[in-house]
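Novice: Mind folding the following:
(one chain, ligands or ions: 2)
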Amino acid sequence: MTAASTGLSDEAAPPTDSASTLEETDMTIIDETAVDAAAAPARPAYRLVGVTKTYQQKGRVVQALTGVDVEIQTGEFVAIQGPTGGGKSTLLQLLGALDAPTSGHVQIGDADLDTASAQDLERLRAREIGFVFQAFNLIPTLTAAENVAMGLEPLGLDRLERDVRVAEALARVGLSERAEHRPGELSGGQQQRVAIARAIAKEPRVLLADEPTGNLDEQMRDEILSVLEQLNADGLTLVVVTHDSAVAKRARRRLRLDRGTLQDITT
Ligand SMILES: Nc1ncnc2c1ncn2[C@@H]1O[C@H](COP(=O)(O)OP(=O)(O)OP(=O)(O)O)[C@@H](O)[C@H]1O
Ligand SMILES: [Mg+2]
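Specialist: Ligands and ions are numbered 1, 2, ... in the order given. This next block holds a predicted model:
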């Protein structure tokens, strides 16, 4: 791991954030606890050990992942590159708890996919992991604000809190002024920002993005990149699959996935 990523993971809120924030701000009062908290290693956002994924299709076996070992620290910005068919989306599905590995272990924060109940997985997907895709997947008949609110449905918030979260999420992506616009009335970059707002409104720990700039021109790509960088600076762990070297260059850590094998290519 690089020095930069170590520094970041130290800064980022550990999983028990509310408690440790209290300890940090109140150090003189509960000095010993603060020391203990500082000594405890931050739990990684992800730990994958010997992960394989095999698909069977019409009697043909496809080995999408052939034995992936990787740890991603809280607060990191990781780019995953590699040729088409290399296994990038497959890996992202596992990181999103949307699928299980054929063998090996996937640990997401505190949860182990091997032992997690259906309820645990549901909670992970609904609250802790945000997803952004190449196709923005917005509902054309809903406004930006309504699209963002869709991401909050599983949380069952009351109307007031929901509206506050929606407004905050749109503000974070710089789209407060477009809250009442429908997707057809927004540029591609703006639509992708709505999709990012929808993903972050639930205040997830991790944002997973699969080719988030794949459908955008250069200027819109830079727009999205700035938004992602700001979210990461605020502590969100980012894992971005990308073919775009301009995006990958901005990540602090770069991984390459080729024929199911993962390699760290951070220079
Ligand atoms: N549901 C599936 N059933 C069968 N094979 C699959 C399935 N999903 C992916 N594969 C195969 O697994 C391999 C990895 O696919 P994956 O989608 O992860 O690649 P990728 O790196 O995301 O590619 P791209 O850059 O084109 O998006 C490919 O050979 C693909 O054909
Ligand atoms: Mg893919």
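Novice: now the strands: where do they sit in the protein?
Specialist: Using DSSP state E, the strands of the chain run over 46-57, 60-72, 77-81, 103-108, 111-112, 129-133, 206-210, 237-241, 253-258, 261-264.
Novice: mind putting these in CSV, mean neighbour count included?
Specialist: (C-beta placed from N, C-alpha, C; glycine too.) Listed next are the strands of the chain as CSV, based on neighbours: other CB atoms under 10 Å:
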stretch, mean neighbour count
strand 46-57, 16
strand 60-72, 16
strand 77-81, 24
strand 103-108, 18
strand 111-112, 15
strand 129-133, 23
strand 206-210, 23
strand 237-241, 26
strand 253-258, 20
strand 261-264, 16
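Novice: Present the ones you listed as a markdown table; the columns should include mean pLDDT and distance to residue 177.
Specialist: Output for the strands of the chain, formatted as a markdown table (pLDDT from 0 to 100; distance: least, CB to CB, whole Å):
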| stretch | mean pLDDT | distance to residue 177 |
| --- | --- | --- |
| strand 46-57 | 96 | 36 |
| strand 60-72 | 96 | 35 |
| strand 77-81 | 97 | 27 |
| strand 103-108 | 97 | 36 |
| strand 111-112 | 92 | 38 |
| strand 129-133 | 95 | 21 |
| strand 206-210 | 97 | 23 |
| strand 237-241 | 97 | 25 |
| strand 253-258 | 97 | 34 |
| strand 261-264 | 96 | 41 |
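Novice: interface residues of the chain facing ligand 1?
Specialist: Within the chain, the positions adjacent to ligand 1 are 55, 57, 62, 64, 82, 84-90 by CB under 6 Å from any ligand atom.
Novice: Could you dump the strands of the chain into CSV with distance to ligand 2 added?
Specialist: As requested, those are arranged in CSV below (distance: least, CB to the ion, whole Å):
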stretch, distance to ligand 2
strand 46-57, 13
strand 60-72, 10
strand 77-81, 10
strand 103-108, 18
strand 111-112, 24
strand 129-133, 10
strand 206-210, 6
strand 237-241, 6
strand 253-258, 10
strand 261-264, 15
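Novice: biggest helix in the protein by residues?
Specialist: helix 218-233 (DSSP state H).
Novice: Please state the offset of it from the chain centre?
Specialist: Chain-centre distance of helix 218-233: 14 Å, with CA atoms, centre = their mean, to the nearest Å.
Novice: Also compute the angle for that helix relative to strand 129-133, please.
Specialist: Counting by axes from the mean of the first three to the mean of the last three CA atoms, to 10 degrees, helix 218-233 lies at 170 degrees to strand 129-133.
Novice: Can you point out the buried residues in helix 218-233?
Specialist: Residues 220-225, 227-228, 231-232 are the ones in helix 218-233 that count as buried (16 or more other CB atoms under 10 Å).
Novice: and that helix, average pLDDT?
Specialist: The average pLDDT within helix 218-233 is 94.
Novice: residues contacting the residue of the chain found nearest ligand 2?
Specialist: At 3.1 Å from ligand 2, residue 89 is the closest residue in the chain, using CB to the ion. Contact analysis of residue 89 by CB atoms under 8 Å, 6 or more residues apart in numbering lists 210, 241.
Novice: how close does it sit to residue 192?
Specialist: 17 Å (CB to CB, to the nearest Å).
Novice: now do residue 102
Specialist: Applying CB to CB, the value for residue 102 to residue 192 is 32 Å.
Novice: Name the residue in those two with the higher neighbour count.
Specialist: Shown here are residue 102 and residue 192; by other CB atoms under 10 Å, residue 192 has more neighbours (29 against 14).
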